[in-house]
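**Student:** What follows is a protein structure lacking sequence information:
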Ligand SMILES: [Zn+2]
(Lines give C-alpha, C1' and ligand atoms only; values in the text may rest on other atoms or scores of the structure.)
Protein backbone atom coordinates (compact mmCIF):
# COMPACT_ATOMS: atom_id res chain seq x y z
CA UNK A 1 0.00 0.00 0.00
CA UNK A 2 1.31 3.42 -0.93
CA UNK A 3 2.03 5.67 2.01
CA UNK A 4 2.86 9.29 2.74
CA UNK A 5 0.33 10.42 0.13
CA UNK A 6 -1.38 13.80 0.35
CA UNK A 7 -4.89 14.36 -0.97
CA UNK A 8 -6.04 17.79 -2.08
CA UNK A 9 -9.73 18.55 -2.46
CA UNK A 10 -10.25 21.80 -4.32
CA UNK A 11 -13.41 23.52 -5.42
CA UNK A 12 -13.87 26.14 -8.08
CA UNK A 13 -15.99 28.33 -5.83
CA UNK A 14 -17.95 30.44 -8.22
CA UNK A 15 -21.22 31.99 -9.30
CA UNK A 16 -24.37 30.06 -10.21
CA UNK A 17 -24.16 31.10 -13.86
CA UNK A 18 -22.63 28.12 -15.65
CA UNK A 19 -22.94 30.02 -18.91
CA UNK A 20 -20.52 32.89 -18.74
CA UNK A 21 -22.28 36.10 -17.83
CA UNK A 22 -21.62 39.69 -16.84
CA UNK A 23 -25.22 40.38 -15.83
CA UNK A 24 -27.76 38.71 -13.56
CA UNK A 25 -24.98 36.96 -11.68
CA UNK A 26 -26.11 35.07 -8.55
CA UNK A 27 -24.21 33.04 -5.97
CA UNK A 28 -26.92 30.99 -4.22
CA UNK A 29 -24.88 27.78 -4.58
CA UNK A 30 -22.39 29.02 -1.99
CA UNK A 31 -24.87 28.30 0.80
CA UNK A 32 -24.60 24.62 -0.14
CA UNK A 33 -21.05 24.65 1.17
CA UNK A 34 -22.47 24.26 4.68
CA UNK A 35 -23.75 20.76 3.81
CA UNK A 36 -20.48 19.90 2.10
CA UNK A 37 -18.49 21.20 5.03
CA UNK A 38 -20.15 18.68 7.35
CA UNK A 39 -18.91 15.88 5.07
CA UNK A 40 -15.44 17.43 4.99
CA UNK A 41 -15.35 17.67 8.76
CA UNK A 42 -16.35 14.02 9.10
CA UNK A 43 -13.52 12.93 6.80
CA UNK A 44 -10.95 15.43 7.97
CA UNK A 45 -10.75 17.05 4.52
CA UNK A 46 -8.90 20.38 4.46
CA UNK A 47 -10.46 21.93 1.37
CA UNK A 48 -9.11 24.61 -0.91
CA UNK A 49 -11.77 27.04 -2.12
CA UNK A 50 -10.55 28.76 -5.29
CA UNK A 51 -12.89 31.71 -5.02
CA UNK A 52 -14.18 33.90 -7.84
CA UNK A 53 -14.67 37.67 -7.72
CA UNK A 54 -18.48 37.49 -7.95
CA UNK A 55 -18.52 35.34 -4.80
CA UNK A 56 -16.11 37.59 -2.94
CA UNK A 57 -18.25 40.72 -3.48
CA UNK A 58 -21.37 39.09 -2.02
CA UNK A 59 -21.49 39.61 1.76
CA UNK A 60 -23.73 36.61 2.39
CA UNK A 61 -21.52 34.30 0.34
CA UNK A 62 -18.46 35.64 2.16
CA UNK A 63 -20.09 34.94 5.50
CA UNK A 64 -20.80 31.32 4.54
CA UNK A 65 -17.27 30.90 3.28
CA UNK A 66 -15.74 32.24 6.46
CA UNK A 67 -17.78 29.73 8.43
CA UNK A 68 -16.91 26.72 6.30
CA UNK A 69 -13.24 27.64 5.93
CA UNK A 70 -12.96 27.88 9.71
CA UNK A 71 -14.88 24.62 10.26
CA UNK A 72 -12.46 22.55 8.22
CA UNK A 73 -9.22 24.51 8.30
CA UNK A 74 -9.73 25.30 4.65
CA UNK A 75 -7.71 27.58 2.43
CA UNK A 76 -9.20 30.39 0.36
CA UNK A 77 -7.43 30.75 -2.95
CA UNK A 78 -8.25 32.90 -5.96
CA UNK A 79 -10.20 31.82 -9.04
CA UNK A 80 -10.20 34.21 -11.98
CA UNK A 81 -13.25 34.37 -14.22
CA UNK A 82 -11.90 37.14 -16.44
CA UNK A 83 -15.24 37.65 -18.17
CA UNK A 84 -16.82 39.22 -15.09
CA UNK A 85 -13.84 40.41 -13.04
CA UNK A 86 -13.03 44.12 -13.49
CA UNK A 87 -11.66 45.89 -15.34
CA UNK A 88 -13.93 44.73 -18.15
CA UNK A 89 -12.03 46.35 -20.99
CA UNK A 90 -12.06 43.36 -23.31
CA UNK A 91 -14.77 42.24 -25.67
CA UNK A 92 -17.17 39.66 -24.26
CA UNK A 93 -16.24 36.88 -26.67
CA UNK A 94 -15.38 33.21 -26.01
CA UNK A 95 -11.66 33.58 -26.77
CA UNK A 96 -11.32 36.21 -24.04
CA UNK A 97 -12.60 33.77 -21.42
CA UNK A 98 -9.10 32.26 -21.46
CA UNK A 99 -6.98 34.58 -19.33
CA UNK A 100 -3.86 33.82 -21.35
CA UNK A 101 -5.43 35.43 -24.44
CA UNK A 102 -5.80 38.84 -22.78
CA UNK A 103 -3.11 41.56 -22.98
CA UNK A 104 -0.57 41.10 -20.15
CA UNK A 105 -1.55 44.40 -18.49
CA UNK A 106 -5.20 43.39 -18.43
CA UNK A 107 -4.37 39.97 -16.96
CA UNK A 108 -2.44 41.76 -14.22
CA UNK A 109 -5.23 44.28 -13.59
CA UNK A 110 -7.87 41.56 -13.23
CA UNK A 111 -5.69 39.48 -10.91
CA UNK A 112 -5.04 42.61 -8.83
CA UNK A 113 -8.78 43.28 -8.55
CA UNK A 114 -9.49 39.68 -7.57
CA UNK A 115 -6.66 39.65 -5.02
CA UNK A 116 -7.70 42.93 -3.43
CA UNK A 117 -11.35 41.85 -3.26
CA UNK A 118 -10.43 38.57 -1.56
CA UNK A 119 -8.21 40.45 0.89
CA UNK A 120 -11.08 42.78 1.77
CA UNK A 121 -13.54 39.89 2.10
CA UNK A 122 -11.40 37.53 4.14
CA UNK A 123 -8.80 39.73 5.80
CA UNK A 124 -5.76 38.04 4.27
CA UNK A 125 -4.04 37.75 0.93
CA UNK A 126 -4.67 34.64 -1.13
CA UNK A 127 -1.48 32.80 -2.09
CA UNK A 128 -2.93 30.12 -4.37
CA UNK A 129 -4.65 30.49 -7.72
CA UNK A 130 -6.60 28.66 -10.40
CA UNK A 131 -7.51 30.19 -13.74
CA UNK A 132 -11.11 29.88 -14.85
CA UNK A 133 -11.35 27.30 -17.65
CA UNK A 134 -7.69 26.49 -16.73
CA UNK A 135 -6.76 29.33 -19.10
CA UNK A 136 -3.31 30.11 -17.70
CA UNK A 137 -0.40 31.32 -19.86
CA UNK A 138 3.16 32.67 -19.54
CA UNK A 139 1.99 36.23 -18.79
CA UNK A 140 -0.44 34.95 -16.17
CA UNK A 141 2.48 33.43 -14.27
CA UNK A 142 4.24 36.81 -14.28
CA UNK A 143 1.09 38.55 -13.02
CA UNK A 144 0.64 35.99 -10.25
CA UNK A 145 4.22 36.39 -9.06
CA UNK A 146 3.93 40.17 -8.98
CA UNK A 147 0.69 39.87 -6.94
CA UNK A 148 2.39 37.69 -4.33
CA UNK A 149 1.04 34.27 -5.27
CA UNK A 150 3.13 31.22 -4.46
CA UNK A 151 1.05 28.35 -5.80
CA UNK A 152 -0.91 27.79 -8.99
CA UNK A 153 -3.18 24.86 -9.70
CA UNK A 154 -4.45 25.31 -13.24
CA UNK A 155 -2.35 22.77 -15.14
CA UNK A 156 -4.24 19.68 -16.34
CA UNK A 157 -1.56 17.25 -17.61
CA UNK A 158 -2.22 15.42 -20.94
CA UNK A 159 -4.98 17.91 -21.84
CA UNK A 160 -4.92 20.34 -24.74
CA UNK A 161 -7.47 23.13 -24.78
CA UNK A 162 -6.14 24.64 -27.98
CA UNK A 163 -9.38 23.75 -29.73
CA UNK A 164 -11.46 25.25 -26.92
CA UNK A 165 -11.42 29.01 -27.45
CA UNK A 166 -7.66 28.95 -28.03
CA UNK A 167 -6.93 27.66 -24.55
CA UNK A 168 -3.62 26.35 -23.20
CA UNK A 169 -1.87 23.13 -24.18
CA UNK A 170 -0.80 21.09 -21.14
CA UNK A 171 0.45 18.03 -23.02
CA UNK A 172 3.90 17.23 -21.65
CA UNK A 173 3.34 18.84 -18.25
CA UNK A 174 4.57 16.89 -15.19
CA UNK A 175 2.04 15.05 -13.03
CA UNK A 176 3.99 16.05 -9.90
CA UNK A 177 4.44 19.57 -8.44
CA UNK A 178 7.11 21.74 -10.08
CA UNK A 179 8.28 25.33 -10.23
CA UNK A 180 7.37 27.93 -12.81
CA UNK A 181 9.04 31.15 -13.85
CA UNK A 182 7.37 34.39 -15.08
CA UNK A 183 6.74 34.42 -18.83
CA UNK A 184 7.79 30.75 -19.10
CA UNK A 185 5.95 27.81 -20.63
CA UNK A 186 3.42 26.57 -18.07
CA UNK A 187 4.50 22.98 -18.79
CA UNK A 188 8.18 23.63 -18.29
CA UNK A 189 9.72 23.18 -14.82
CA UNK A 190 12.21 25.90 -13.85
CA UNK A 191 14.38 24.74 -10.91
CA UNK A 192 14.36 28.00 -8.98
CA UNK A 193 11.05 29.43 -10.21
CA UNK A 194 9.05 31.50 -7.71
CA UNK A 195 5.64 29.90 -8.38
CA UNK A 196 4.88 26.28 -7.47
CA UNK A 197 2.53 24.45 -9.81
CA UNK A 198 0.43 21.77 -8.11
CA UNK A 199 -1.21 20.13 -11.11
CA UNK A 200 -4.65 18.60 -11.17
CA UNK A 201 -4.73 14.79 -11.28
CA UNK A 202 -5.10 13.66 -14.87
CA UNK A 203 -3.86 10.46 -16.46
CA UNK A 204 -5.04 7.25 -18.07
CA UNK A 205 -6.86 4.22 -16.76
CA UNK A 206 -3.87 2.09 -17.67
CA UNK A 207 -0.16 2.63 -18.02
CA UNK A 208 2.29 3.59 -19.12
CA UNK A 209 0.89 7.11 -19.41
CA UNK A 210 3.47 8.18 -22.01
CA UNK A 211 2.38 5.40 -24.37
CA UNK A 212 -1.34 6.13 -24.06
CA UNK A 213 -0.75 9.86 -24.35
CA UNK A 214 1.05 9.38 -27.69
CA UNK A 215 -1.50 6.80 -28.87
CA UNK A 216 -4.41 9.04 -28.04
CA UNK A 217 -2.88 11.98 -29.87
CA UNK A 218 -2.28 9.89 -32.99
CA UNK A 219 -5.84 8.57 -32.91
CA UNK A 220 -7.20 12.07 -32.50
CA UNK A 221 -5.13 13.51 -35.33
CA UNK A 222 -7.20 15.20 -38.00
CA UNK A 223 -6.86 12.63 -40.85
CA UNK A 224 -8.27 9.89 -38.64
CA UNK A 225 -10.89 11.85 -36.81
CA UNK A 226 -13.74 10.75 -39.06
CA UNK A 227 -13.24 7.18 -37.96
CA UNK A 228 -13.86 8.11 -34.31
CA UNK A 229 -11.02 5.79 -33.58
CA UNK A 230 -10.19 7.36 -30.26
CA UNK A 231 -13.69 6.65 -28.96
CA UNK A 232 -13.70 3.14 -30.38
CA UNK A 233 -10.32 2.46 -28.86
CA UNK A 234 -11.55 3.64 -25.46
CA UNK A 235 -14.58 1.36 -25.65
CA UNK A 236 -12.36 -1.54 -26.69
CA UNK A 237 -10.39 -1.18 -23.46
CA UNK A 238 -7.51 0.94 -24.69
CA UNK A 239 -6.18 3.66 -22.42
CA UNK A 240 -8.80 6.28 -21.58
CA UNK A 241 -7.97 9.69 -20.17
CA UNK A 242 -9.44 10.17 -16.71
CA UNK A 243 -9.30 12.89 -14.08
CA UNK A 244 -10.10 12.91 -10.37
CA UNK A 245 -13.39 14.68 -10.98
CA UNK A 246 -16.58 13.22 -9.51
CA UNK A 247 -18.46 15.34 -12.06
CA UNK A 248 -16.96 13.58 -15.05
CA UNK A 249 -15.95 10.12 -13.90
CA UNK A 250 -17.35 7.23 -11.86
CA UNK A 251 -15.66 6.28 -8.62
CA UNK A 252 -14.18 3.08 -10.09
CA UNK A 253 -12.33 5.09 -12.75
CA UNK A 254 -11.14 7.62 -10.17
CA UNK A 255 -9.72 4.82 -8.05
CA UNK A 256 -8.07 3.16 -11.06
CA UNK A 257 -6.51 6.49 -12.00
CA UNK A 258 -5.33 7.02 -8.43
CA UNK A 259 -3.56 3.67 -8.49
CA UNK A 260 -1.98 4.53 -11.84
CA UNK A 261 -0.87 7.98 -10.69
CA UNK A 262 0.80 6.55 -7.61
CA UNK A 263 2.45 3.92 -9.79
CA UNK A 264 3.80 6.69 -12.02
CA UNK A 265 5.43 8.47 -9.09
CA UNK A 266 2.77 10.95 -8.00
CA UNK A 267 2.68 11.63 -4.29
CA UNK A 268 -0.37 13.84 -4.38
CA UNK A 269 -3.90 13.14 -5.58
CA UNK A 270 -5.98 16.16 -6.49
CA UNK A 271 -9.76 15.85 -6.49
CA UNK A 272 -11.69 18.82 -7.84
CA UNK A 273 -15.15 19.97 -8.87
CA UNK A 274 -17.28 23.12 -9.15
CA UNK A 275 -19.55 24.52 -6.43
CA UNK A 276 -22.56 25.04 -8.78
CA UNK A 277 -22.78 21.23 -8.95
CA UNK A 278 -23.81 21.28 -5.28
CA UNK A 279 -27.17 22.87 -6.10
CA UNK A 280 -29.64 21.23 -8.48
CA UNK A 281 -30.16 22.81 -11.86
CA UNK A 282 -27.06 24.98 -12.15
CA UNK A 283 -24.27 22.91 -13.70
CA UNK A 284 -24.58 20.25 -16.41
CA UNK A 285 -23.55 17.64 -13.82
CA UNK A 286 -26.42 18.01 -11.36
CA UNK A 287 -29.84 18.64 -12.85
CA UNK A 288 -31.76 17.25 -9.87
CA UNK A 289 -31.44 16.80 -6.12
CA UNK A 290 -30.80 13.09 -6.79
CA UNK A 291 -27.83 14.07 -8.99
CA UNK A 292 -26.42 16.18 -6.17
CA UNK A 293 -26.88 13.27 -3.77
CA UNK A 294 -25.06 11.03 -6.24
CA UNK A 295 -22.17 13.50 -6.32
CA UNK A 296 -21.95 13.40 -2.55
CA UNK A 297 -22.10 9.60 -2.68
CA UNK A 298 -19.25 9.52 -5.20
CA UNK A 299 -17.05 11.76 -3.11
CA UNK A 300 -17.43 9.62 0.00
CA UNK A 301 -17.14 6.34 -1.94
CA UNK A 302 -13.89 7.63 -3.44
CA UNK A 303 -12.45 8.45 -0.03
CA UNK A 304 -13.50 5.01 1.25
CA UNK A 305 -11.96 3.26 -1.76
CA UNK A 306 -8.78 5.30 -1.50
CA UNK A 307 -8.32 4.21 2.10
CA UNK A 308 -7.86 0.69 0.72
CA UNK A 309 -5.18 1.82 -1.72
CA UNK A 310 -3.01 4.22 0.21
CA UNK A 311 -2.21 5.75 3.53
CA UNK A 312 -2.99 9.41 3.04
CA UNK A 313 -3.76 12.69 4.73
CA UNK A 314 -5.82 15.61 3.50
CA UNK A 315 -4.03 18.91 2.91
CA UNK A 316 -4.80 22.25 1.27
CA UNK A 317 -3.05 23.11 -1.97
CA UNK A 318 -0.50 25.35 -0.22
CA UNK A 319 0.17 22.65 2.35
CA UNK A 320 0.73 20.20 -0.49
CA UNK A 321 3.21 22.57 -2.12
CA UNK A 322 5.07 22.85 1.18
CA UNK A 323 5.02 19.11 1.77
CA UNK A 324 6.06 18.04 -1.72
CA UNK A 325 8.66 20.61 -2.68
CA UNK A 326 11.48 22.20 -0.77
CA UNK A 327 10.01 25.67 -0.55
CA UNK A 328 11.82 28.97 -0.81
CA UNK A 329 11.36 30.79 2.47
CA UNK A 330 8.75 29.64 4.92
CA UNK A 331 5.59 31.23 3.55
CA UNK A 332 3.74 28.04 2.56
CA UNK A 333 4.45 26.57 5.98
CA UNK A 334 3.24 29.77 7.59
CA UNK A 335 0.07 29.40 5.54
CA UNK A 336 -0.61 26.14 7.38
CA UNK A 337 -0.59 27.93 10.71
CA UNK A 338 -2.97 30.74 9.89
CA UNK A 339 -5.43 31.82 12.55
CA UNK A 340 -9.17 31.41 11.94
CA UNK A 341 -10.86 33.85 9.61
CA UNK A 342 -12.69 36.67 11.38
CA UNK A 343 -16.47 36.49 11.38
CA UNK A 344 -18.11 39.87 11.24
CA UNK A 345 -21.86 39.47 11.05
CA UNK A 346 -24.53 37.33 12.75
CA UNK A 347 -24.96 33.92 11.17
CA UNK A 348 -28.71 34.44 10.77
CA UNK A 349 -28.33 37.62 8.74
CA UNK A 350 -28.17 35.85 5.40
CA UNK A 351 -30.52 32.93 6.09
CA UNK A 352 -33.15 32.80 3.40
CA UNK A 353 -31.31 35.29 1.24
CA UNK A 354 -29.83 33.88 -1.91
CA UNK A 355 -28.54 37.13 -3.23
CA UNK A 356 -27.47 40.25 -1.42
CA UNK A 357 -29.49 43.37 -2.16
CA UNK A 358 -27.76 45.67 -4.65
CA UNK A 359 -27.12 48.39 -2.05
CA UNK A 360 -25.10 45.90 -0.01
CA UNK A 361 -22.78 45.31 -2.93
CA UNK A 362 -21.77 48.71 -4.24
CA UNK A 363 -18.73 47.36 -6.00
CA UNK A 364 -20.80 45.14 -8.25
CA UNK A 365 -21.92 48.25 -10.10
CA UNK A 366 -18.26 48.83 -10.94
CA UNK A 367 -18.46 45.90 -13.36
ZN1 LIG B 1 -14.55 28.65 -12.80
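**Tutor:** Looks like it arrived, so ask away. Computed from a predicted model, the values in this text were never measured in an experiment. Numbering: from 1, shown residues only.
**Student:** ok, residue 290 - contacts?
**Tutor:** With contacts defined as C-beta atoms under 8 Å, 6 or more residues apart in numbering, residue 290 has no neighbours. To be clear about C-beta, it is placed using only N, CA and C from the backbone, and glycine gets the same treatment.
**Student:** brain fart, residue 201
**Tutor:** 175, 243, 244, 257, 258, 261, 266, 268, 269, 270, 271.
**Student:** My guess is the fifth one contacts residue 312. True?
**Tutor:** No. Taking contacts as C-beta atoms under 8 Å, residue 258 lies outside contact range of residue 312: 9.6 Å.
**Student:** what touches both of these two?
**Tutor:** Taking C-beta under 8 Å, 6+ apart as the criterion, residue 258 and residue 312 both touch 269, 306.
**Student:** The strand ranked longest in the chain: which residues count as buried?
**Tutor:** Longest strand in the chain by number of residues (criterion: DSSP state E): strand 2-13. Residues of strand 2-13 classed as buried by neighbour count (16 or more other C-beta atoms under 10 Å): 2, 5, 6, 7, 8, 9, 10, 11, 12, 13.
**Student:** same question, stretch 301-309
**Tutor:** Going by neighbour count (16+ other C-beta under 10 Å), the buried part of stretch 301-309 is 301, 302, 303, 305, 306, 309.
**Student:** how many other residues sit next to the residue of the stretch 51-200 of the chain found nearest the ion?
**Tutor:** Nearest residue of the stretch 51-200 of the chain to the ion: residue 132, at 4.0 Å (C-beta to the ion). Using other C-beta atoms under 10 Å, residue 132 has 23 other residues around it.
**Student:** pLDDT score assigned to it?
**Tutor:** If you check residue 132, the pLDDT there is 98.
**Student:** Equivalent analysis for residue 316, please.
**Tutor:** Value for residue 316, per-residue pLDDT: 97.
**Student:** since we're on it, how many residues are nearby?
**Tutor:** When neighbours are counted by other C-beta under 10 Å, residue 316 registers 30.
**Student:** Run through the residues that contact it.
**Tutor:** Per C-beta under 8 Å, 6+ apart, neighbours of residue 316: 8, 46, 47, 48, 73, 74, 75, 128, 335, 336.
**Student:** Just the closest of the residues you listed to residue 196, please.
**Tutor:** residue 128 (9.1 Å; C-beta to C-beta).
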